[in-house]
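1. Sharing a model prediction with you, sequence too.
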Amino acid sequence: MRRRVNHRLTRGERGVALLVVLSSLALVGTVVTEFQFNSRVDLQLAFNARDELQAEYSALSALRLRALLLRNATMLNGLMSGLTQAGIMPPGMTLPIGQILEMVPVECGLMSTIVHKAGPSFDPKASHDNFFPGECMATSKSEGTKIGLNSFARASFASQMAAQPQQQAGGGAGAGINNVVTRLVTLLSNPSLRHFFEQDDKNGGHAESPQALIGNIIDWVDLNHTQFGNDVADEDRLYSHLKDSYKVKNAPFDSISELKLVYGVSDGVYGLLKDSVSAYVDSSTIELAVADPMQIATGLAMLLAPGVDPAIAFTSPGIPKLFGAIDQLRSFGGAGMGVLNVQVLSGLITQFGLASFFNTAQISQVFTDTPQNTWFTITAEGQVGNASRRIRAVFQAIEPQIYYYRIE
């Protein structure tokens, strides 16, 4: 007789089978979950890459439009100068063309409207019709208001300064260089920088004073090999004792970041100087039409009459009135139609009772009405979603040409 086989599983066997099934389900669930997670991450990375690219190109478009406006402003300034020389316009009559064009907003909404104006199906309320998605804007700042460090690179300038260190501003090349030195001294004499001239930096050295630091800057660009103010000392000696020694350049600055190589320029000093000095201009005066309030204040400090305490002069009740009037002129809300020139500034100084503090007779040696704004620093920013891009460029408006370009 054949034995009957019982195919029913015991309780232990059923438990093992259930455990195998549950383990398999957990494994499959983990794989599926990980696959979904990776897919979502890859999709989000693709979205971010798309947004980053759109943000970069939106910022680049804003930068190009700002450069176009600056190029047109330079051309119009040249046209106005030609009309004045030809006698068509009276001397001294100027229009703040640069200021007018600077007030034109450069941002994505405006650019999308301009691009789609010619399209018959343009719907300003539809987000998909925005040619420039997200947000973007571009601003510019003239290099003509900054301190031109390469002024020191002119032949014989260092020797002139060494021979006549106390020469006062009165015209000629020496006066121009003294203006540059005075502006640097004013900038570096900020009390918050005092510790940089008393403590060693990370390289184990420091400049003893603002004047000593300026001398090191002059040594970096001049053509001789002697230390500024000391004809028997080698200008390379300060750098030979560094851990990674090198020699001075004895040539003009190629960029402001090169200033970090000058002995005594620590990170803190560089942070203060980088937005106030330029390697692209070679001027000793401040272009008044495009100078910001801080630059105007620096120029006024250079005009202080002998014996006047700066603390008293700049806390005078007339100072807020002076800068308030300047703001009104630049907002085109005053009778001068937004024109701020040397003559107007001199009149404002007198009007608000500041003539006893500042020497207005020398104002044209510090400020100028001549357009020097051929070099500009353009900063453009674009943002799409969570992605953002920032572009900084140095633009020469006459050529026109971009000489420096950096994406952040």
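-> Structure's in. What do you need? Residues are numbered from 1 along each chain as shown.

2. going forward, measure contacts between C-alpha atoms and count neighbours the same way
-> Will do.

3. Any regions of this structure where pLDDT drops low?
-> Within the chain, the segments meeting pLDDT under 70 span 1-12, 74-104, 109-132, 154-177, 232, 331-339, 371-373.

4. Break down it into its helices, ranges please.
-> For the chain, the helices defined by DSSP state H cover 11-85, 97-102, 108-116, 157-163, 172-188, 210-221, 237-240, 267-273, 293-302, 310-313, 318-330, 342-351, 363-366.

5. Of those, flag the one that's most buried.
-> Across the helices of the chain, averaging neighbours per residue (mean count of other C-alpha atoms under 10 Å) puts helix 210-221 on top, at a mean of 22.

6. got the CA coordinates for it in PDB?
-> Taking Å, rounded to 0.1, in the frame of the first residue of the first chain, the C-alpha atoms of helix 210-221 are listed here in PDB:
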ATOM      1  CA  PRO A 210      49.800 104.500   5.900                       C
ATOM      2  CA  GLN A 211      52.700 106.500   4.300                       C
ATOM      3  CA  ALA A 212      55.000 103.500   4.500                       C
ATOM      4  CA  LEU A 213      52.300 101.300   2.800                       C
ATOM      5  CA  ILE A 214      51.900 103.900   0.100                       C
ATOM      6  CA  GLY A 215      55.700 103.800  -0.400                       C
ATOM      7  CA  ASN A 216      55.500 100.100  -0.800                       C
ATOM      8  CA  ILE A 217      52.900 100.500  -3.500                       C
ATOM      9  CA  ILE A 218      55.000 103.000  -5.300                       C
ATOM     10  CA  ASP A 219      58.000 100.600  -5.100                       C
ATOM     11  CA  TRP A 220      55.900  97.900  -6.700                       C
ATOM     12  CA  VAL A 221      55.200  99.900  -9.900                       C
END
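
7. got the contact list for that helix?
-> With C-alpha atoms under 8 Å, 6 or more residues apart in numbering as the test, helix 210-221 has contacts from 149-150, 152-153, 158, 181, 184-185, 188-189, 197, 207, 225-229, 235, 248-253, 262-265.

8. can you check stretch 178-194 too?
-> Residues outside stretch 178-194 that contact it (C-alpha under 8 Å, 6+ apart): 147-149, 151, 167-169, 210-211, 214, 268-269, 284-285, 298-299, 301-302, 366.

9. Over to stretch 42-58?
-> Contacts for stretch 42-58 (C-alpha under 8 Å, 6+ apart): 108, 132-136, 381-390.
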